[in-house]
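Student: A structural model of the following input is requested.
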Amino acid sequence: MSTSLNLVIYQRNNDDLVEEEMRTVRCEEIPLSMLDAIREKFPSQKCKVYYDDTKEDFFEIDFFARDDIPKIINYLRNLFDILIEY
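Tutor: Here you go, the predicted model:
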């Protein structure tokens, strides 16, 4: 089973994220086991995203902290190196 990782740019309304005019920059499928391994080292966080500026309806997303992204990329590179050596 796999899951989708998405790099999405949302509009901001003060401190809130709004889905209107959002754009997906990149989408990648990864095994759920890989996502679980990443989350063990770099816990994901939850955030509300509002459908529009009225802020009546929303959904929640899981995301990784911006500061963790380079660390996650390095972690995946190291896993790949280990796999190649194996």
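Student: Please go through the protein and pick out the longest strand.
Tutor: For the chain, the longest strand by residue count, based on DSSP state E, is strand 16-31.
Student: pLDDT (mean, whole number) over that one?
Tutor: The pLDDT scores in strand 16-31 average 94.
Student: which helices and strands does it pack with?
Tutor: Under the contact definition 3 or more CB pairs under 8 Å, 6 or more residues apart in numbering; DSSP states H and E, strand 16-31 sits against strand 2-13, strand 45-50. The C-beta positions use only the backbone N, C-alpha and C, and glycine is treated the same way.
Student: how about it: buried residues?
Tutor: By neighbour count with 16 or more other CB atoms under 10 Å, strand 16-31 contains the buried residues Leu17, Val18, Glu19.
Student: Out of the helices and strands packed on strand 16-31, which is closest to Ile73?
Tutor: Of all the helices and strands packed on strand 16-31, it is strand 2-13 that lies closest to Ile73, at 11.7 Å by CB to CB.
Student: Pull out the buried positions in the closest one.
Tutor: Tyr10, Gln11.
Student: Sheet partners, orientation included, of it?
Tutor: Strand 2-13 pairs in its sheet with strand 16-31 (antiparallel), by DSSP bridges.
Student: relative to strand 45-50, how tilted is the strand it pairs with?
Tutor: On the basis of axes from the mean of the first three to the mean of the last three CA atoms, to 10 degrees, strand 16-31 is oriented at 130 degrees to strand 45-50.
Student: which is the next helix or strand following strand 16-31?
Tutor: Beyond strand 16-31 in the direction of the C-terminus, DSSP states H and E gives the next helix or strand as helix 32-41.
Student: which strands and helices sit next to that following helix?
Tutor: By 3+ CB pairs under 8 Å, 6+ apart, helix 32-41 packs against strand 2-13, helix 69-85.
Student: which one of those lies closest to Ser33?
Tutor: Comparing those by CB to CB, strand 2-13 comes nearest, at 9.5 Å.
Student: tell me the mean pLDDT over the closest one?
Tutor: 91.
Student: now it against helix 32-41, angle please.
Tutor: Going by the same axes, to 10 degrees, strand 2-13 makes 50 degrees with helix 32-41.
Student: Thank you, goodbye.
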